[in-house]
Every structure is written in structure tokens, then in C-alpha cells.
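1. I would like to see how this sequence folds:
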Amino acid sequence: MQFKRFNLHVHLKNTCETILAIKGMHIQKATKYLKDVTLKKQCVPFHHCSGAVDSNAEFKGLDIDSLGTGHILVNKALEMHRRTYRAHGRISPYMSSPCHIETFLIEKEQIVPKPEEVEQKKKIPQKKLEKQKLMAQEKNATKNKCKLKKMHIQKVIELFN
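-> This next block holds a predicted model:
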């Protein structure tokens, strides 16, 4: 679900602060929060485009109860130039800084319990594996030599007996 507005006559800095305040909130909680701001119950700059998101979601057939803000973006629009006429024939600029707002809403899924983790074997480097194989072969070779020596000694003893 997407919502875009261009060249809005709201201050860029105030809108950025408002967006930071409502980013990641549930849609109903965000609208309640913004209404409290307009009634001056909470202190965050006013953001007047919150109502259109609900009606767009209803029109597209989405469940409003499970909607949450996924992505919100504010970009600077072209400045609007006006003039202020001052004393002694001076003229000063009277600029406004509008902005573009882009909002993406996502349906939040239910929390799924995390599955039990299966212990994974640690990966052993190839060189270490080769060393282990060589060590095992050497141990087997020494054991075999010892067995051969014992067998040889037993045969010699049998010959003398």
C-alpha cells in the first residue's frame, strides 16, 4: 500500500520530525498520535496528510487493523518565492520550503514462535583437516609398528622355548 503527495505546503524540517515520531507505529496508533498533536495534547509538529492513508487502504481492501508503517520518506521540493515589501523601498525574499511525502504501509503478520535451533557443526579449515588426517595416520602407523614388534618378539621367544 503506497501513499504519495507532492509539493505540500508544510515545512520540511517539521515534517521530518513528525515522520521520525510515527515511523514503525501501527496505523491506528499513528493516527491517534497525530490527532493528539493537532489538539496540542502531545508535542510533535502537525502533519495533515494522515487521513488519506486509511481511505486508500479501505479502497484497496486491506485490513486497517493490521496495517503498520513500513517506509516513510520526506524529500525537499522546489522552494516557493514570494516577496515582502519593507520600509524605505526595500524588498526581502519570503520563501517557503514545501516537501514531498512518500509512505508505504504493510500488513503486519502475526508473531510466529522461533523454531528450536539445531546445533550446526563448526566448519574446520581444509589445512587443519589435512593435519588431523596426517596425525591419525602417524598414530596408526606407530601402533602397527608396536604390534609388529610385539609379534616379532613373541615369535623369537617361541623359537627359543
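
2. Domain ranges for the chain, per the record?
-> Per the record, the chain has its domains at 2-107, 124-161, by automatic domain parsing.

3. And residue 26, how far from residue 37?
-> With distances taken as CB to CB, to the nearest Å, residue 26 is found 16 Å from residue 37. For the C-beta atoms, the positions are set from N, CA and C on the backbone; glycine is no exception.

4. ok, now residue 10?
-> Residue 10 is 13 Å from residue 37, by CB to CB.

5. Just the local confidence number for residue 48, please.
-> On pLDDT, residue 48 comes in at 51.

6. residues near residue 85, how many?
-> By other CB atoms under 10 Å, 9 other residues sit near residue 85.

7. Use 21 as the first number for this chain going forward.
-> Okay, residue one is now 21; in that scheme the one you just asked about reads as residue 105.

8. got the contact list for it?
-> residue 111 (CB atoms under 8 Å, 6 or more residues apart in numbering).

9. In the sheet, which residues pair with it? Tell me.
-> residue 111 (DSSP bridges).

10. Surely residue 93 and residue 43 touch.
-> No: here residue 93 lies out of contact with residue 43, judged by CB atoms under 8 Å, at a distance of 10.0 Å.

11. following the lowest-mean-pLDDT helix or strand in the chain, which helix or strand shows up next?
-> Lowest mean confidence among the helices and strands of the chain (mean pLDDT, DSSP states H and E): helix 71-79, at a mean of 71. Counting by DSSP states H and E, the element after helix 71-79 in chain order, helix or strand, is strand 87-96.

12. pLDDT at the residue most central in space within the chain, what is it?
-> Geometric centre of the chain, nearest residue: residue 90, 10.0 Å, by CA atoms, centre = their mean. For residue 90, the pLDDT comes out at 78.
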